[in-house]
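Novice: Sequence and predicted structure are below.
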Amino acid sequence: MRRMLTLLLALPGCSTVLDEADGGVVLTDAGRPPVADPGGQDADFMEDFGAPAQDAGPSPDAGAELDAAVVDEPDAAAPDAGACALGTACRPVVIPALPYVDEGDTRDAPAADWDRYACAPDTDEGGGEVVYALDLAAPATIRVEVDDAPGDGVDVDVHLLTRADPAACVARDNQAVERALPAGRTLIVVDTWVNGAGEAFPGPYRLAVSARAMGDCAVRAEAIRMAWGACDPSLDCFEGPDANGQNARFLRLPATGPVVKEAHLVTVEDAFPGGWPASSRDGIAAHYARSEAASGYAMDRREPWAPEGEGGSQWGQSAYSRPLPVLDEAWYVNMFWSPRPAAGTRMIVTNPANGRAVVAAAGYETGPGSNTAIGGVSEEIHDYLGTEHRDALQLGFAVDQDLPLGPVDCPP
């Protein structure tokens, strides 16, 4: 089975990669490409092996580079590169900049030394492996993905190690992995799976590595006025006078409770002859493509346009009454608030079960009307958080209103 593994140093993005000017993830000096080849590596071998030459940086399709920051050199002296083959534990392929993409082939792996890893001791990885090194100047979260083409006879897995020892494996997977890592060196090992009959499945692979810094996920403690007719005892809701002295219902934030899955809203890049869709799925496929292109988040989108008729609305029309910015629509959140916050107000949506979080855009939509659900979010948010319709999430207004929209990695 051929797989594709993507590493996100966060996500994130999903995952926006921040550059050095934005305070994003940076690499140590150890991650910089050397001026000259220190180990006498052969350029032709590098091409055959599939790894970019160390003075070339990532392949062109890796996206915008994230320049490495110069910091103190590591204390430990580097091993004699001439005594080790490139891609082995003593001479890993150093990732020079982020994002990074490499296409390799474990049939040409320089070693097959590690058969078992502490993070999956019952899994046989006895085929050839290729070792990469990533040097972080600050904590970040890594996400790894590999391409997956069933039936092609290739099966490689990725492992994250804190040192050159399979006992130091902290995470592995055959398709995708996310892991928060401290500053310093992490080894990324692409190893070949072996089945119960002792048959290895080596072959081509594509490794992608990107990064984003951890965000500030602080939320405000406050109570907001809701349009509910009554409080439900399942939520932290109370009644009291509003600013005009009228009895009203309030919800304390941050609030945790059921969150519905919302339908899609028309964006400024969606064009329709009558201004709005003619049906629940009119032009929805093109909308999905625009959303994926703007957010960088790939998933199987299925929700239709928001229904017409609510308050005289058209298909896909929000309470905002105007088309939304594309990125805001991908990551939007709503509540049955009264009044509605300003369009684009940042909220943090968190899954308490796994710690994943998204910076969402509030103020475009109002609902749901049920007083047993604290709000609603787009299907993109539910997908990233690993939740479904009416699963429990936490909603709160972000203290930092300049946070970029999308997945965010929150420090513990």
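Specialist: Good, I have the coordinates.
Novice: can you tell me which helix in the protein is longest?
Specialist: helix 284-295 (DSSP state H).
Novice: Output the contacting helices and strands for that helix.
Specialist: helix 326-330 (3 or more C-beta pairs under 8 Å, 6 or more residues apart in numbering; DSSP states H and E). Glycine gets a C-beta too; all of them are placed from N, C-alpha and C.
Novice: sorry, back to before: output the longest helix of the chain in CSV with nothing but the alpha carbons.
Specialist: C-alpha atoms of helix 284-295 as CSV (Å, rounded to 0.1, in the frame of the first residue of the first chain):
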residue,chain,number,x,y,z
ILE,A,284,-22.2,23.7,-4.1
ALA,A,285,-19.3,21.7,-5.6
ALA,A,286,-17.6,24.8,-6.8
HIS,A,287,-18.1,26.3,-3.4
TYR,A,288,-16.4,23.3,-1.8
ALA,A,289,-13.4,23.8,-4.1
ARG,A,290,-13.1,27.5,-3.3
SER,A,291,-13.3,26.7,0.4
GLU,A,292,-10.6,24.1,0.2
ALA,A,293,-8.3,26.4,-1.8
ALA,A,294,-8.7,29.3,0.6
SER,A,295,-8.4,27.3,3.9
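Novice: next one: that helix to chain centre, how far?
Specialist: 17 Å (C-alpha atoms, centre = their mean, to the nearest Å).
Novice: And stretch 294-311, by the same measure?
Specialist: 20 Å.
Novice: got the buried residues for that stretch?
Specialist: In terms of neighbour count (16 or more other C-beta atoms under 10 Å), stretch 294-311 has its buried residues at 294, 295, 296, 297, 301, 303, 305, 306, 308.
Novice: What separation do you get for the fourth one and residue 382?
Specialist: Taking C-beta to C-beta, to the nearest Å as the criterion, residue 297 is separated from residue 382 by 12 Å.
Novice: likewise the first one?
Specialist: Here the distance between residue 294 and residue 382 works out to 18 Å (C-beta to C-beta).
Novice: try the third one
Specialist: According to C-beta to C-beta, residue 296 stands 17 Å off from residue 382.
Novice: And for residue 89?
Specialist: Relative to residue 382, and taking C-beta to C-beta, residue 89 is found at 40 Å.
Novice: One more: residue 99?
Specialist: 26 Å.
Novice: now swap in residue 331 and tell me
Specialist: 11 Å.
Novice: model confidence over the longest helix of the chain, on average?
Specialist: Across helix 284-295, the average pLDDT comes to 95.
Novice: cool, stretch 270-279 as well?
Specialist: 95.
Novice: Quick one: residues in contact with it.
Specialist: Here stretch 270-279 makes contact (C-beta atoms under 8 Å, 6 or more residues apart in numbering) with 266, 282-284, 286-287, 290, 305, 314-317, 323.
Novice: 7 Å instead, please
Specialist: Contacts to stretch 270-279, defined as C-beta atoms under 7 Å, 6 or more residues apart in numbering, come from residues 266, 283, 287, 305, 314, 315, 316, 317, 323.
Novice: Narrow the residues you listed to those in helices?
Specialist: Filtering these for helices - DSSP H - leaves residue 287.
Novice: out of the contacts of stretch 270-279, who's nearest residue 228?
Specialist: Closest to residue 228 out of the contacts of stretch 270-279 is residue 317 (23.0 Å), distances taken as C-beta to C-beta.
Novice: Tell me, how many residues neighbour that closest one?
Specialist: 23 (other C-beta atoms under 10 Å).
Novice: Apart from its chain neighbours, what residue comes closest to it?
Specialist: Spatial nearest neighbour of residue 317, excluding adjacent residues (C-beta to C-beta, 6 or more residues apart in numbering): residue 276 at 5.9 Å.
Novice: So that neighbour: helix, strand or coil?
Specialist: With DSSP: H, G, I helix; E, B strand; the rest coil as the basis, residue 276 sits in coil.
Novice: Tell me how far residue 409 lies from residue 116.
Specialist: 30 Å.
Novice: check which helix or strand covers residue 383.
Specialist: helix 379-385 (DSSP states H and E).
Novice: for the next helix or strand after that helix, packing partners?
Specialist: Using DSSP H and E, the helix or strand that follows helix 379-385 in sequence is strand 391-397. On a contact count with 3 or more C-beta pairs under 7 Å, 6 or more residues apart in numbering; DSSP states H and E, strand 391-397 meets strand 247-253, strand 255-261, strand 345-350.
Novice: Comparing the ones you listed, which comes out most buried?
Specialist: Most buried of these, by mean neighbour count (mean count of other C-beta atoms under 10 Å): strand 345-350, with a mean of 24.
Novice: residues making contact with that strand?
Specialist: 217, 219, 333, 357-360, 362-363, 377, 381, 385, 393-398, 401, 403.
Novice: and the next element down the chain from that strand?
Specialist: Defined by DSSP H and E, the subsequent element after strand 345-350 is strand 357-362.
Novice: and the helices and strands packed on strand 391-397 as TSV, adding distance to residue 270?
Specialist: Below are the helices and strands packed on strand 391-397 laid out as TSV (distance: least, C-beta to C-beta, whole Å):
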stretch	distance to residue 270
strand 247-253	31
strand 255-261	20
strand 345-350	23
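Novice: Out of the ones you listed, which gets nearest to residue 153?
Specialist: When those are ranked by proximity to residue 153 (C-beta to C-beta), strand 255-261 comes first, at 38.4 Å.
Novice: mind listing what that closest one pairs with, with the direction of each?
Specialist: Here strand 255-261 is paired, per DSSP bridges, with strand 375-377 (parallel), strand 391-397 (antiparallel).
Novice: what inclination does it have with respect to strand 247-253?
Specialist: 90 degrees (axes from the mean of the first three to the mean of the last three C-alpha atoms, to 10 degrees).
Novice: can you give me how far strand 255-261 is from the chain middle?
Specialist: Counting by C-alpha atoms, centre = their mean, strand 255-261 comes out at 21 Å from the chain centroid.
Novice: got a list of contacts for that strand?
Specialist: Against strand 255-261 from outside (C-beta under 7 Å, 6+ apart): 234-236, 303, 352, 368, 372-377, 379, 382, 388-395.
Novice: Among the helices and strands packed on strand 391-397, which comes closest to residue 144?
Specialist: The nearest among the helices and strands packed on strand 391-397, by C-beta to C-beta, is strand 345-350 at 22.9 Å.
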